[in-house]
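1. Provided below are the primary sequence and the corresponding predicted coordinates.
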Amino acid sequence: MNRRIRDHFLHTRSGRIALWFAAFALLASVEAIQMRAGQRFEEFTVTWGTALRRGFEAWMPAAVLGLGVLGLADRCPFDRQRPGRWIALHLVSCVVYTLAFAVSHAALLTGQTSVRGKVFEFGPLLGKILIFYTVTNLGFYWLVVLGHHGWRYYQQFRERERRAIELEGQLATAQLEVLRMQLNPHFLFNTLNTVAALVHEQPHTAERMVTRLSELLRAGLDSPHAQEATLREELRLLERFLDIEQVRFSDRLRIEIEAPEELLDLQVPTLIFQPLVENAIRHGIEPLEAHGHIRVSARRENERLILSVEDNGPGPSKAPGSCTRRGGIGLSNTRSRLRHLYGDDQSLELIARKGGGTEARVSVPVRQNQTVRFSNGNPAVLERLES
């Protein structure tokens, strides 16, 4: 509720005008208090009613005329190309403001009795106000004008910053979408080749592969902009993917998946397993003449979620000039996606296992029931916009 009231006063015209007059009412009240306190040291007595009246008679003309100054400053912003014209306009305007204040103040007091018993007359009073208030009014005028332009530039800066943040988020989202699209071509190529080879000899198997492939593609189309999903959902997708790979390798490939029940609702990057398993199959299982084994697991270490894909292949090649398992587009894009989603709070390592084979290990922060969102949803963006 407090925030709603604040937004009303700051972001609506009527609210800002109300705040403007409230500020001048406060100044009038302070002057009334000073007048009441000053009677102890002067030879006059003043009631609270008279003190408040004098305070409002002094400050309300400034409040009303100040709105006109704000309107002029808003319609005539500073022009860097013609600064002389802007200065000349406000020099004339500040003289008009000073005269208008003196006339209105004198008119309000004319005919009233001063605290010392004298009746105010317009002519002498106007001259006295011009002498005593001119410097103050000139200072007030330029304070309003420069303060308005300072606020205007601050608002423009905030707007540019907001747009830059939105563009940054949109760029990050676009980059993530491109990276997601680049995860699939190698897998699609192999799958379609296998389907083409099986369609005449084993049509039922080919039909099964096409069905699994359509399920994978549909899962991507159902949530095209989601960058995170639950571990449970990702493992279901992985099972469809592995079902296709199982057809390709038949008895040569054994797969093991291990994930504790309490971790299944935690958030993980979408399609996080597919490039890791695909890399393990391509570089670990395909070169083997013996049976291949892939183990997919998830575990929690304090506030970290560790996702692991292990194979029993030959391990990363370290021969000079050879193609290592770090060079594939799948792993490269996975690293880029992790960096976009989590910044430096993530890692992807390829670890040579002691008994042979390779482990691809991903470490991300534990997240539950939340997603990483960009553009109009990134938590960092929202924090910067609301500050």
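-> Noted; the coordinates are in hand.
2. can you name every helix or strand that the longest helix along the chain contacts?
-> Scanning the chain for the helix with the most residues, using DSSP state H, yields helix 122-181. Secondary-structure packing of helix 122-181 (3 or more C-beta pairs under 8 Å, 6 or more residues apart in numbering; DSSP states H and E): helix 48-75, helix 83-109, helix 329-342, helix 379-386. Using the backbone N, CA and C atoms, a C-beta is placed for each residue, glycine as well.
3. indicate which one of the ones you listed is closest to Pro260.
-> helix 329-342 (22.0 Å; C-beta to C-beta).
4. low pLDDT regions in the stretch 151-300 of the chain?
-> 167-186, 219-226 (pLDDT under 70).
5. so Glu201: helix, strand or coil?
-> coil (DSSP: H, G, I helix; E, B strand; the rest coil).
6. buried stuff in the helix or strand containing Arg248?
-> Using DSSP states H and E, Arg248 maps to helix 231-249. Neighbour-count burial for helix 231-249, counted by 16 or more other C-beta atoms under 10 Å, picks out 231, 233-235, 237-249.
7. same check on stretch 256-273?
-> Ala259, Leu263, Leu266, Gln267, Val268, Pro269, Thr270, Leu271, Ile272, Phe273.
8. contact partners for the second one?
-> Leu263 is in contact with Leu231, Ala298, Arg299, Arg300, Leu305, counting by C-beta atoms under 8 Å, 6 or more residues apart in numbering.
9. mind listing what the first one touches?
-> So the one you mean is Leu231. Ala259, Leu263, Leu264, Asp265, Leu266, Gln267, Val268, Ala298, Leu305.
10. and the helix or strand where Leu305 lies, average pLDDT?
-> Secondary-structure element containing Leu305, defined by DSSP H and E: strand 304-311. Regarding strand 304-311, the rounded mean pLDDT is 94.
11. before we move on, what about stretch 104-113?
-> Computed over stretch 104-113, the average pLDDT equals 87.
12. thinking again about what came up before, reformat the helices and strands packed on helix 122-181 as TSV; add mean neighbour count and distance to Leu216.
-> Formatted as TSV, the helices and strands packed on helix 122-181 follow (neighbours: other C-beta atoms under 10 Å; distance: least, C-beta to C-beta, whole Å):
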stretch	mean neighbour count	distance to Leu216
helix 48-75	17	57
helix 83-109	16	64
helix 329-342	18	15
helix 379-386	12	30
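13. and the ones you listed, which one's lowest on average pLDDT?
-> helix 379-386 (a mean of 34).
14. partner strands of the strand holding Leu305, with direction?
-> strand 292-301 (antiparallel), strand 358-365 (antiparallel) (DSSP bridges).
15. re the thing from before, so of the contacts of Leu231, which two are at opposite extremes in space?
-> Taking C-beta to C-beta, no two of the contacts of Leu231 sit farther apart than Ala259 and Gln267, at 13.7 Å.
16. which ones among the buried residues of stretch 256-273 lie within strands?
-> Gln267, Val268, Pro269 (DSSP state E).
17. roughly how far does the first one sit from Pro365?
-> Shown here: Gln267 relative to Pro365, a distance of 9 Å by C-beta to C-beta, to the nearest Å.
18. before we move on, the earlier item: in a markdown table, list the strands paired with strand 304-311 along with distance to Asp311 and mean neighbour count.
-> As requested, the strands paired with strand 304-311 are arranged in a markdown table below (distance: least, C-beta to C-beta, whole Å; neighbours: other C-beta atoms under 10 Å):
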| stretch | distance to Asp311 | mean neighbour count |
| --- | --- | --- |
| strand 292-301 | 5 | 17 |
| strand 358-365 | 6 | 19 |
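19. just put the helices and strands packed on helix 122-181 in TSV and tack on distance to Met209.
-> Formatted as TSV, the helices and strands packed on helix 122-181 follow (distance: least, C-beta to C-beta, whole Å):
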stretch	distance to Met209
helix 48-75	67
helix 83-109	73
helix 329-342	20
helix 379-386	40
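20. contacts for stretch 139-159?
-> Contacts for stretch 139-159 (C-beta under 8 Å, 6+ apart): 62, 66, 69-70, 73-74, 77-78, 90, 93-94, 97-98.
21. got CSV for those residues, with distance to Gly111 too?
-> Converted to CSV, the contacts of stretch 139-159 look like this (distance: C-beta to C-beta, whole Å):
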residue, distance to Gly111
Ala62, 21
Gly66, 26
Val69, 28
Leu70, 31
Ala73, 35
Asp74, 36
Pro77, 42
Phe78, 42
His90, 34
Ser93, 30
Cys94, 29
Tyr97, 25
Thr98, 23
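22. on the three-state scheme, Glu256 is what?
-> strand.
23. was I right to think it contacts Ser308?
-> No. Contact between Glu256 and Ser308 fails when scored by C-beta atoms under 8 Å: they sit 11.3 Å apart.
24. any shared contact partners between these two?
-> What both Glu256 and Ser308 touch, as defined by C-beta under 8 Å, 6+ apart, is the set Arg295, Val296.
25. nearest residue to Leu242 in space, please, no chain neighbours.
-> Ile255 (5.3 Å; C-beta to C-beta, 6 or more residues apart in numbering).
26. okay, angle between the longest helix of the chain and helix 48-75 too, please.
-> 50 degrees (axes from the mean of the first three to the mean of the last three C-alpha atoms, to 10 degrees).
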